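> Let me see the structure of the following:
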Amino acid sequence: MVTLLDILLSISSILLVVLVLLHRGKGGGLSNLFGGGVSSSLGGSAVVEKNLDRLTIIAGLVWVVCIVSIGLLLKHT
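Model prediction:
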């Protein structure tokens, strides 16, 4: 069970990093430093941005559930 959760944690971690990097920068800071000020065709739609937000939240929730589950399983063994 722990191995399955470890695999799911790894996949959700990579997915979470990719989804966060796909978000469009909303102002100054580090996002503009690395080219975030350049508009792309992917982030042009509000619908795409909402769906990206939802996917990021779901991936974050899966990540948190995996972390808590692994912690509880390892505590009881």
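> Quick one: list the elements packing against the helix or strand harbouring residue 3.
Following DSSP states H and E, one finds residue 3 within helix 2-22. On a contact count with 3 or more Cβ pairs under 8 Å, 6 or more residues apart in numbering; DSSP states H and E, helix 2-22 meets helix 46-75. (Glycine included, C-beta is placed from N, CA and C.)
> Would you mark the buried spots in the helix it packs on?
Buried residues in helix 46-75, counted by 16 or more other Cβ atoms under 10 Å: 49, 52, 56, 59, 62, 63, 66, 69, 70.
> who touches the most centrally placed residue in the chain in this structure?
In the chain, the C-alpha nearest the mean C-alpha coordinate belongs to residue 16, at 2.1 Å (Cα atoms, centre = their mean). Shown in contact with residue 16 (Cβ atoms under 8 Å, 6 or more residues apart in numbering): 56, 59, 60, 63.
> nearest residue to residue 74 other than its sequence neighbours?
Leaving out its chain neighbours, the residue that sits closest to residue 74 by Cβ to Cβ, 6 or more residues apart in numbering is residue 2, at 7.0 Å.
> my read: that neighbour touches residue 70, true?
Yes. Judged on Cβ atoms under 8 Å, residue 2 makes contact with residue 70 at a distance of 6.2 Å.
> mind checking pLDDT for residue 50?
pLDDT recorded at residue 50 is 89.
> Could you list the low-confidence segments of the chain?
For the chain, the stretches with pLDDT under 70 are 25-44.
> Tell me the spacing between the residue lying farthest from the centre of the chain and residue 70.
Within the chain, residue 77 marks the point farthest from the mean C-alpha position, 29.7 Å out by Cα atoms, centre = their mean. As judged by Cβ to Cβ, to the nearest Å, residue 77 and residue 70 stand 11 Å apart.
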